[in-house]
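**Student:** Sharing a sequence plus its predicted fold:
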Amino acid sequence: MVAYLGGKCSVSGYDKCIAALDFHHVQPADKGDFILSQSHCRSWDSVKAELDKCVLLCRNGHAEYHCEHPGQTKRRVGRPHKPEQER
């Protein structure tokens, strides 16, 4: 699943430890009851459909994105371009 989304943080490029990468839903309203950690119970097509709603963020970048402290600026996170053959 990590490789499907590029294998690294879409903001910083961090790729040293996949345990330090999070799946971030670009549009929170699109986040269903699908739990990626239980993806082994789903078809690959349904897993890909959920992953297509996400970007990879490193743990630090993900925490910074969701930070709501005054004076902090949220980073703009979008979907990086993926060539069709990688999908």
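**Tutor:** That came through fine.

**Student:** quick one: low-confidence parts of this structure?
**Tutor:** Counting by pLDDT under 70, the chain contains low-confidence ranges at 32-40, 68-87.

**Student:** Helices along that one, start to end?
**Tutor:** Counting by DSSP state H, one finds helices in the chain at the ranges 44-51, 59-66.

**Student:** Between those, which one is closest to residue 15.
**Tutor:** helix 59-66 (12.3 Å; Cβ to Cβ). Bear in mind the C-beta positions are built from the backbone N, C-alpha and C, glycine included.

**Student:** buried stuff in the closest one?
**Tutor:** For helix 59-66, burial by neighbour count (16 or more other Cβ atoms under 10 Å) applies to 61-62, 64-65.

**Student:** Could you export the helices of the chain as CSV, including distance to residue 4?
**Tutor:** Below are the helices of the chain laid out as CSV (distance: least, Cβ to Cβ, whole Å):
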stretch, distance to residue 4
helix 44-51, 6
helix 59-66, 18
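
**Student:** all strands of the chain, in order?
**Tutor:** Taking DSSP state E as the test, the strands found in the chain are 21-25, 54-58.

**Student:** What residues sit buried inside the first one?
**Tutor:** Counting neighbours by 16+ other Cβ under 10 Å, one finds that the buried residues in strand 21-25 are 21-24.

**Student:** Which one of those residues is nearest to residue 13?
**Tutor:** Of all the buried residues of strand 21-25, residue 13 sits closest to residue 21, with 11.3 Å by Cβ to Cβ.

**Student:** Nearest to residue 11, out of the strands of the chain?
**Tutor:** Closest among these, once you apply Cβ to Cβ, is strand 54-58, at 6.2 Å.
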